[in-house]
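[1] When you get a sec, could you give me coordinates for this:
(one chain, ligands or ions: 2)
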Amino acid sequence: MPVTPFSRLFEDPDFTDALTNVLLPGYLPGQRWFTSKGKSITTCRVDAVYPVQEDAGIVTISVDFNDGSRERYQMPLALNFTKERRTMYQERFPKLILGEITGTGMLADAVPRDDFRARLYEMILNNAEGENGLNAEAGSALRAAGASTTSTVPAIDTSNTAIIYDDRFFFKLFRKLGVGLNPDLELVRFLSERTAFDNCPPYGGSLGVGSMENDEEYLNLGLMTGKVDNRGDAWELFQQLTEEYFADDDRTVGKHTIDRARQLGERTAEMHRALASAGPDRPDLAPEEMTPAYRAEITDAALRLLERQFAQLAEKMDGLPGPEQVLARRVLGAHGQLNDRLSSLRDRPLEAQLTRIHGDYHLGQVLYTDTDFYIIDFEGEPLLTIPERRRKRPPLKDVGGMVRSFHYAAQGQLLLNAERYRGRDLTERAEAWYREVSANYLDAYFAASGDAPYLPAREEDRRALLNLFILEKAVYEVAYELNSRPAWLAIPLNGVLSLV
Ligand SMILES: Nc1ncnc2c1ncn2[C@@H]1O[C@H](COP(=O)(O)OP(=O)(O)O)[C@@H](O)[C@H]1O
Ligand SMILES: O=P(O)(O)O[C@H]1O[C@H](CO)[C@@H](O[C@H]2O[C@H](CO)[C@@H](O)[C@H](O)[C@H]2O)[C@H](O)[C@H]1O
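    Ligands and ions are numbered 1, 2, ... in the order given. Next comes the predicted model:
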């Protein structure tokens, strides 16, 4: 096996000591993709090194925190020897330099280097097999496109790292790693290569360690998909539409808004039909019946979520501004009622199938073009482990997520532009927009779904299941906002209150 200078570097204990004890603890908290900035690091460790070029490769690391938790990350790293390269990093990417290695070179993130990005593409196109189990797979879209000539790193706010090739392919290099087949790769690959669903980006290929067939052990490092020539995400689109709606008090919900909501309902139904089309030869994807044990399990999970979120709300109550405190008290006062609502599913016999679903469905996960929508980011709920994200669930959970997002779209417009709407009480108009837009979304969704076996046949059962997921998502959002964007807290608090 040829030993490259890059991998040889990691055989030197002085280097790995410096890297894990000094360079990484200083470097990680400054990176957008390092999600646990608030926790303090106790230990960093290099798990594996996958050479990609003579002077660059992918390194996987584990980070331990003082609360006992551990996270794994992917770091593409390069050694830079020449003056030109050093200058490029110093002038344009100073935050991506880990440090100077005496007698060796400058150690930095490899993504800014054109040659490194080109090599990743080439590996995927050629189904390359590297050292230590690193391997790549090309999807039909990439095979059809052939070699790449240019690549760029877009300035977008994501928790992973993106590379665009020839303005045609979008490569997502996963930063925080979880062992097991990543649902983003699994579902995009299935939808694109095995179904007629056209409204997610086509599968271009992947980079990983191990075999996708041995899915418990597989480590997914990157996913290549066709680039969607989009105008933004659906959250931005609906922010424009709510701004038009609130412009004056006589305006009704415009036809364009209704058409767009209905179109999204249809696309959601088509996505669900395609996800449910897997046959028994694909046991991880094929639909299965919802059992009473499953109903009990999701009921318990919803009740545990309620307890956890409410404990956080109660704990932070005193620090909330007056109006939010009033809302929060009312929400906490509805604890018993919410408990009953969420428990009701346990005793309701429901005949419906469970399928693989999107799992983290909201307006921000949908790109829009002039004429259509494209659904992205099938990674699932970030707080769940990969096996939890890969569980089959009722597709109405996605629908509930999107309904909540319509509530956010109207309320968010008012909250984010408080100055613009000062002096006008638009609460009822916002609720009216939400009711009409979500009713149209749901109507189009159910019309396009027909008698799909994953939807309960009886209208009242569909409603009960959907309402459970809407409520559960609103409860989840309470602590999400409390911890990430306290200024938004009133939205889910009002959302919960409107459901009891
Ligand atoms: N196939 C694609 N084509 C064009 N843009 C994309 C594509 N996939 C993702 N994006 C862009 O990258 C952003 C982040 O993508 P997402 O899959 O949500 O990544 P993350 O999980 O890292 O947040 C999206 O909002 C969109 O702007
Ligand atoms: O980071 P993710 O996209 O996986 O999701 C988290 O962040 C979302 C906010 O970016 C949050 O979504 C909530 O706010 C959205 C508006 O910003 C709204 O459209 C969603 O309906 C609402 O849930 C999501 O809950 C959280 O998990």
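
[2] Ligand 2 contacts on the stretch 151-300 of the chain?
    By CB under 6 Å from any ligand atom, the part of the stretch 151-300 of the chain that sits against ligand 2 consists of Trp235. The way it works is simple: take the backbone N, C-alpha and C, and place the C-beta from them, glycine included.

[3] go on, the stretch 351-500 of the chain?
    Residues of the stretch 351-500 of the chain found near ligand 2, taking CB under 6 Å from any ligand atom as the criterion, are 360, 362-364, 382, 404-405, 408, 412, 477, 480.

[4] where in this structure is pLDDT low?
    Scanning the chain with the threshold set as pLDDT under 70 gives 1-4.

[5] and the gap between the residue in the stretch 351-500 of the chain that ligand 1 sits nearest to and Arg389?
    Proximity of the stretch 351-500 of the chain to ligand 1 (CB to the nearest ligand atom) peaks at Asp377, 3.4 Å away. Counting by CB to CB, to the nearest Å, the gap from Asp377 to Arg389 is 12 Å.

[6] can you check Pro201 too?
    If you go by CB to CB, the gap between Pro201 and Arg389 works out to 19 Å.

[7] wait, what's in contact with the residue of the stretch 351-500 of the chain closest to ligand 1?
    Neighbouring residues of Asp377 by CB atoms under 8 Å, 6 or more residues apart in numbering: 184, 360, 365.

[8] Adding neighbour count and distance to Phe93, write these out as JSON lines.
    Formatted as JSON lines, the contacts of Asp377 follow (neighbours: other CB atoms under 10 Å; distance: CB to CB, whole Å):
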{"residue": "Asp184", "neighbour count": "22", "distance to Phe93": "27"}
{"residue": "Asp360", "neighbour count": "19", "distance to Phe93": "30"}
{"residue": "Gln365", "neighbour count": "21", "distance to Phe93": "29"}
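
[9] circling back to that earlier point, am I right that the residue of the stretch 351-500 of the chain closest to ligand 1 sits in a helix?
    No - counting by DSSP: H, G, I helix; E, B strand; the rest coil, Asp377 is located in no helix; its state is coil.

[10] got the phi/psi numbers for it?
    Backbone torsions for Asp377, taken as degrees, to the nearest 10, come to phi 60, psi 70.

[11] go on, the one 4 residues further on?
    Summarising the backbone geometry of Glu381 under the convention degrees, to the nearest 10, its torsions are phi -70, psi 120.

[12] oh, and call the first residue 32 from now on, that's how I've got it
    Got it, the first residue is 32 from now on, which makes the last one we talked about Glu412.

[13] Can you classify the closest residue to it other than its chain neighbours as helix, strand or coil?
    Distances taken as CB to CB, 6 or more residues apart in numbering put Asp391 closest to Glu412, at 5.0 Å, once the chain neighbours are dropped. Look at Asp391: counting by three-state DSSP, its state is coil.

[14] how much space between Asp391 and Gly411?
    In terms of CB to CB, Asp391 sits 6 Å off from Gly411.

[15] Next: Val77.
    28 Å.

[16] in the chain, which strand has the most residues?
    As assigned by DSSP state E, the longest strand anywhere in the chain is strand 72-84.

[17] Touching, Tyr439 and Ile522? I think so.
    Yes - contact criterion CB atoms under 8 Å: Tyr439 and Ile522 qualify, at 5.7 Å.

[18] and the closest residue to Tyr196 other than its chain neighbours, how many neighbours?
    Of all residues not flanking Tyr196 in the chain, Ser179 sits nearest, at 4.4 Å (CB to CB, 6+ apart). Each residue near Ser179 was counted by other CB atoms under 10 Å, and the total is 18.

[19] Name the SS class of Ser179, please.
    Here Ser179 takes the coil state, with states given by three-state DSSP.

[20] Do a quick rundown of the helices in the stretch 132-281 of the chain.
    145-156, 171-176, 214-225, 265-277 (DSSP state H, counting those that start in this stretch).

[21] how about those in CSV, adding distance to ligand 1?
    Shown next, in CSV, are these (distance: least, CB to the nearest ligand atom, whole Å):
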stretch, distance to ligand 1
helix 145-156, 15
helix 171-176, 11
helix 214-225, 7
helix 265-277, 9
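
[22] Can you say which of the ones you listed is nearest to Pro185?
    helix 145-156 (12.2 Å; CB to CB).

[23] Phi and psi next, for the most far-flung residue of the chain relative to its centre.
    In the chain, the greatest distance from the average C-alpha position (CA atoms, centre = their mean) is reached by Gly134, at 41.3 Å. Gly134 has phi and psi values of phi 80, psi 0 when expressed as degrees, to the nearest 10.

[24] same question, Asp95
    Dihedral angles (degrees, to the nearest 10) for Asp95: phi -100, psi 140.

[25] Counting neighbours, what do you get for it?
    15.

[26] Would you mind naming the residues that bridge with it?
    Thr74, Arg101 (DSSP bridges).

[27] Could you check what's spatially nearest to Glu248, not counting adjacent residues?
    Spatially, and ignoring its direct neighbours in sequence, Glu248 is nearest to Gly241 (5.0 Å; CB to CB, 6+ apart).

[28] do the same with Arg293
    Per CB to CB, 6+ apart, closest to Arg293 is Ala475, 3.8 Å.

[29] ok so, going back, what packs against the longest strand of the chain?
    On a contact count with 3 or more CB pairs under 8 Å, 6 or more residues apart in numbering; DSSP states H and E, strand 72-84 meets helix 36-40, helix 55-58, strand 87-96, strand 101-111, helix 145-156.

[30] can I get the ones you listed in a markdown table with distance to Asp403?
    Supplementary listing: the helices and strands packed on strand 72-84 in a markdown table, determined by distance: least, CB to CB, whole Å:
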| stretch | distance to Asp403 |
| --- | --- |
| helix 36-40 | 44 |
| helix 55-58 | 41 |
| strand 87-96 | 35 |
| strand 101-111 | 33 |
| helix 145-156 | 27 |
